[in-house]
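*Asks:* Pasting a predicted model and its sequence here:
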Amino acid sequence: MEFTQQQESSVRQGLKPGCGRFDCACALPVGERFVLWALRQWLQDRALPGEGSILHRGFKVAGLLEVLPDFVIAMDAFLFGARRAMEIHVPTCSSVSRDEAVLVALCGLAQADHDRSLLASLDIMMAPTASRVAAVRLKAFAVALAGAGLRLAPAAGAAAGRLN
């Protein structure tokens, strides 16, 4: 079955900018793309990245080098404190997993000062001691992102900041 140009145009109008796939990273705003890139790259390095590593250079270019340790500690808390294995794709993957989307959203909650929602969500995902560490470090990372002009805040409205 072929679409007419009018049908194709009306289908495309309902899609997000980018390629149109609902799970594709290409439609994400730059701040969310940075977080997604950072968590995927962290998974590749799995340690505090040294000078010259891709993650180190990316944070340096973004003006966020001072919060790289906060980010790495938060990700380590996820790695060791999560109640189940997190699905994080390789850096070249165009799809965004549910876990990646949640981690990006958690950074948005931290940046928007939705601390209670952030901690409640982390408590569901992680052991309580790990969730406290992750919350503090995600907050520092998210605030620094905002300072660098990378806004992640959830949309305004009655349901803003509610993940669970």
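*Replies:* That came in fine, so what should we check first?
*Asks:* CA only for contacts and neighbour counts going forward, please
*Replies:* Noted.
*Asks:* Please, where are all the helices along the protein?
*Replies:* Taking DSSP state H to define them, one finds helices in the chain at 5-13, 30-45, 54-61, 68-81, 98-111, 115-125, 128-147.
*Asks:* What is the fourth one packed up against?
*Replies:* Using 3 or more CA pairs under 8 Å, 6 or more residues apart in numbering; DSSP states H and E as the contact criterion, the secondary-structure elements in contact with helix 68-81 are helix 30-45, helix 128-147.
*Asks:* any chance of these in CSV, plus mean neighbour count, mean pLDDT and distance to residue 114?
*Replies:* Below are these laid out as CSV (neighbours: other CA atoms under 10 Å; pLDDT from 0 to 100; distance: least, CA to CA, whole Å):
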stretch, mean neighbour count, mean pLDDT, distance to residue 114
helix 30-45, 19, 91, 17
helix 128-147, 21, 93, 10
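*Asks:* Which one of those lies nearest to residue 116?
*Replies:* helix 128-147 (10.0 Å; CA to CA).
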